[in-house]
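Trainee: Mind folding the following:
(one chain, ligands or ions: 3)
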Amino acid sequence: MELYKSDSLVHDETRQGETLVISRPEGVVSNGKKFYIESYGCAMNFNDSEIVASILTSKGYDGTRDYNEADIVFINTCSIRDKAEQTIRKRLANIKVIKKRNPGAIIGVLGCMAERMKEQLLVEEKLVDIVAGPDSYRTLPDLIEEAEGGQKAVNVLLSREETYADINPVRLSSNGISAFVSIMRGCDNMCAFCVVPYTRGRERSRPPASIMEEVKDLKARGFKEITLLGQNVDSYRWSEDETVRGKKLIDLKDTDDVVNFANLLEMVAIEASGMRIRFSTSHPKDMLDDVLYVMAKYKNICNYIHLPVQSGSDACLERMNRTYTKAWYMNRLEAVKRILPDCGISTDIIVGFCGETEEEFEATMDIVREVKYDLAYMYYYSERPGTLAAKKFKDDVPEEIKKQRLQTLVDLHRKNSYESNLKDVGKIFEVLIEGNSKKDEADLYGRTDHNKVCVFARAGHKAGDYVMVKVESCTSGTLLGKIVAL
Ligand code: SAH
Ligand code: SF4
Ligand code: F3S
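Mentor: Ligands and ions are numbered 1, 2, ... in the order given. Got it, this is the predicted structure:
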């Protein structure tokens, strides 16, 4: 899943004093207090901040983009790699000034790092007043009250049921065009390198009715794109019958009262006609053909799949506990090519995992040469405390080698993505405009169906418009073109 560096409700020096206008639900009166929240990590975490904002506004809090005027400052954190946690540590050191200016201000750490470190965080970071894990956000108003009374407040209980189904997220980071919709929480896979099962708990699916409510609401409010989120969307499975709900496909024949991911995707595609539908993340072991057929059937589901491979070596995949082989992965990609001949493919890769030999790394290079991914998120292994890998294996690939391998891989991928983009030169794509280009305000940017970023001259258009763009040139990361008439 794509990791985001920017913040959803971020402190921005140029926007000091700006109060976010978040409409409180009818009948809720302002309590005169303001909260500020900044987010790190994956889309799910950003979506969680929107849930937090919704919970707080329903209790009368107002949002602000300026932490100097906030009574409550939340940092919603990520633990996926050590570097992510170090970034947050630095941020916490930076925001000490808040307490100097306003000793009554409450500082809370939310999300995955809160869950991983629990009370220890209060010991190590003295300025923190609240530690709240991903399943505890409904209790935030109580935790704030406790902290205001001078107590440190902690809730890191994980839940088997919580999906925040009834909470309509306040769209903080949104440009009013694209929105995330979480369809499940947690993860039941045990990839050896990964901290997520420990920070987010057991996998649970959100009831389809509440997902459809949210989709309808987004459509009514003029949103143009929805991304369905889950750590492993293919294992989405809902039934009114609790004994059936958690069971996997292999254990059970599908019956009429079971909604699996293919069913849900179809329901969303029909409901959100005219909107683009994306989803993330698919798991190679669970992605079956039924999902691909639904994608082929509905034009508004984007032809794009994020299918993390992690490694091209069977031995390494086994140590990673990914539960598939390279042959299985390639078979899934063949199914994609057969059912969706024109589909963008992206991936996640880890190099330098415990015991990774030169040959195993070469196997990863080979799969990248073969597949020629359109997009890839590449990382070097970072040991996370408590994970299977941390318990079972030695983190024995030296850091210089990890970095070297990552650079070699990134260079290969860049070459591939440049070639993939070159093939698009001369073609015309439908693009949903997302905003102004970062490099030049006169230009706009948007994405193609395949999730490729495209930059072009404004020509009287604005964010939210669908336009046809003819690609004239490219870099390894961007298509450059101009708007053409239909
Ligand atoms: N279920 C999500 C995982 C989100 S984490 C998914 O499959 O996309 C996103 C990516 O971070 C993972 O796919 C993996 O490539 C990378 N990652 C996870 N743990 C890591 C670790 N300990 N070190 C380096 N990269 C890691
Ligand atoms: Fe982590 Fe694996 Fe679950 Fe993704 S599928 S969140 S990598 S354990
Ligand atoms: Fe997401 Fe980071 Fe947690 S990737 S699930 S915020 S550890």
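
Trainee: For whatever residue of the stretch 101-250 of the chain ends up closest to ligand 1, give me its contacts.
Mentor: Closest residue of the stretch 101-250 of the chain to ligand 1, C-beta to the nearest ligand atom: residue 231 (3.7 Å). For glycine as for every other residue, the C-beta is placed from the backbone atoms N, C-alpha and C. For residue 231, the contacting residues are 1, 44, 184, 186, 187, 189, 196, 200, 203, 281, by C-beta atoms under 8 Å, 6 or more residues apart in numbering.

Trainee: Kindly report the same for residue 373.
Mentor: Neighbouring residues of residue 373 by C-beta under 8 Å, 6+ apart: 345, 346, 347, 413, 416, 417.

Trainee: one step back: adding pLDDT, write the contacts of residue 231 out as CSV.
Mentor: Formatted as CSV, these follow (pLDDT from 0 to 100):
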residue, pLDDT
1, 54
44, 93
184, 97
186, 97
187, 96
189, 94
196, 97
200, 97
203, 95
281, 94
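
Trainee: For ligand 3, what is the nearest residue in this structure?
Mentor: Residue nearest to ligand 3 within the chain: residue 41 (2.7 Å; C-beta to the nearest ligand atom).

Trainee: quick one: contacts for the residue lying closest to that residue once chain neighbours are set aside?
Mentor: Closest residue in space to residue 41, ignoring its immediate chain neighbours: residue 78 at 2.8 Å, by C-beta to C-beta, 6 or more residues apart in numbering. Contacts for residue 78 (C-beta under 8 Å, 6+ apart) come out as 3, 40, 41, 42, 45, 84, 85, 88, 111, 112, 113.

Trainee: Then the last one would be within a helix, right?
Mentor: Right, residue 113. Yes: in this structure, residue 113 lies within a helix as judged by DSSP: H, G, I helix; E, B strand; the rest coil.

Trainee: Does the helix or strand encompassing residue 48 reach ligand 2?
Mentor: Applying DSSP states H and E as the criterion places residue 48 in helix 43-58. No: residues of helix 43-58 contacting ligand 2 under C-beta under 6 Å from any ligand atom: none, with a closest distance of 9.5 Å.

Trainee: Can you list the strands that the helix or strand just after that helix pairs with?
Mentor: Following helix 43-58 in sequence order, the next helix or strand is strand 62-63 (DSSP H and E). Next to strand 62-63 in the sheet, as set by DSSP bridges, lie strand 34-39 (parallel).

Trainee: Up against ligand 2, what does this structure have?
Mentor: Counting by C-beta under 6 Å from any ligand atom, the chain sits next to ligand 2 at 187, 189, 191, 194, 196, 197, 231, 232, 283.

Trainee: out of those residues, which are buried?
Mentor: The neighbour-count test (16 or more other C-beta atoms under 10 Å) marks 187, 189, 191, 194, 196, 197, 231, 232, 283 as buried among the residues of the chain next to ligand 2.

Trainee: my guess is the first one contacts residue 197, does it?
Mentor: Yes: judged on C-beta atoms under 8 Å, residue 187 makes contact with residue 197 at a distance of 5.0 Å.

Trainee: Residue 181 falls within a helix, correct?
Mentor: No: counting by three-state DSSP, residue 181 is located in no helix; its state is strand.

Trainee: Buried ones in stretch 264-283, by neighbour count?
Mentor: With burial defined by 16+ other C-beta under 10 Å, the residues of stretch 264-283 counted as buried are 264-269, 271-272, 275-283.

Trainee: Of those residues, which are in range of ligand 1?
Mentor: By C-beta under 6 Å from any ligand atom, the members of the buried residues of stretch 264-283 lying near ligand 1 are residue 281.

Trainee: Just the ones in strands from the buried residues of stretch 264-283, please.
Mentor: Among the buried residues of stretch 264-283, the residues falling in strands (DSSP state E) are 276, 277, 278, 279, 280.

Trainee: Pick the one among those closest to ligand 1.
Mentor: Out of these, the member with the shortest distance to ligand 1 (by C-beta to the nearest ligand atom) is residue 280, at 7.0 Å.

Trainee: which residues sit against the biggest helix by length in the chain?
Mentor: Of all segments of type helix in the chain, defined using DSSP state H, the longest is helix 399-422. Contact partners of helix 399-422, identified using C-beta under 8 Å, 6+ apart, comprise 349, 351-352, 356, 361, 364-365, 368-369, 372-376, 378-381, 397, 452, 474-479.

Trainee: and after it, which helix or strand comes next?
Mentor: Going down the chain from helix 399-422, the next helix or strand is strand 428-436, by DSSP H and E.

Trainee: Contacts only, for the nearest residue to residue 298 once chain neighbours are set aside.
Mentor: Sequence neighbours aside, residue 269 is the residue nearest to residue 298 in space, at 3.8 Å (criterion: C-beta to C-beta, 6+ apart). Neighbouring residues of residue 269 by C-beta under 8 Å, 6+ apart: 277, 294, 297, 298, 300, 301.

Trainee: how about the residues you listed in a markdown table, adding secondary structure, pLDDT and distance to residue 430?
Mentor: Formatted as a markdown table, those follow (DSSP: H, G, I helix; E, B strand; the rest coil; pLDDT from 0 to 100; distance: C-beta to C-beta, whole Å):
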| residue | secondary structure | pLDDT | distance to residue 430 |
| --- | --- | --- | --- |
| 277 | strand | 98 | 14 |
| 294 | helix | 97 | 20 |
| 297 | helix | 97 | 18 |
| 298 | coil | 97 | 15 |
| 300 | coil | 96 | 11 |
| 301 | strand | 98 | 14 |
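
Trainee: which among those end up buried?
Mentor: Neighbour-count burial (16+ other C-beta under 10 Å) applied to these gives 277, 294, 300, 301.

Trainee: burial of residue 60, as a residue count?
Mentor: Neighbourhood size, residue 60 [other C-beta atoms under 10 Å]: 15.

Trainee: Which pLDDT does the model give it?
Mentor: According to the prediction, residue 60 has pLDDT 94.

Trainee: unless I'm mixing things up, residue 165 is touching residue 207, no?
Mentor: Yes: counting by C-beta under 8 Å, residue 207 is a contact partner of residue 165 at 5.5 Å.

Trainee: returning to what we had before: which of the buried ones among the contacts of residue 269 sits closest to residue 435?
Mentor: Proximity of these to residue 435 was ranked by C-beta to C-beta; the top entry is residue 277 with 20.2 Å.

Trainee: give me every residue that touches that closest one.
Mentor: Counting by C-beta under 8 Å, 6+ apart, residue 277 touches 225, 226, 227, 228, 265, 268, 269, 298, 300, 301, 302.

Trainee: now residue 353
Mentor: Residue 353 touches 193, 311, 316, 319, 320, 381, 389, 397, counting by C-beta under 8 Å, 6+ apart.

Trainee: Farthest pair within those?
Mentor: Longest span within the contacts of residue 353, C-beta to C-beta: 320 and 397, 13.4 Å.

Trainee: Between the two, which is the more surrounded one?
Mentor: Neighbours per residue, other C-beta under 10 Å: of residue 320 and residue 397, the larger number sits with residue 320, 24 against 19.

Trainee: wait, isn't the more buried one in contact with residue 193?
Mentor: Yes: between residue 320 and residue 193 there is a contact at 6.1 Å, judged by C-beta under 8 Å.

Trainee: Give the residues shared as contacts by the two.
Mentor: 350, 353, 389.

Trainee: From these, which land in helices?
Mentor: residue 389.

Trainee: tell me which of the shared contacts of residue 320 and residue 193 is nearest to ligand 2?
Mentor: residue 350 (9.2 Å).

Trainee: Any idea what that closest one is bridged to?
Mentor: Going by DSSP bridges, residue 350 forms beta bridges with residue 379.
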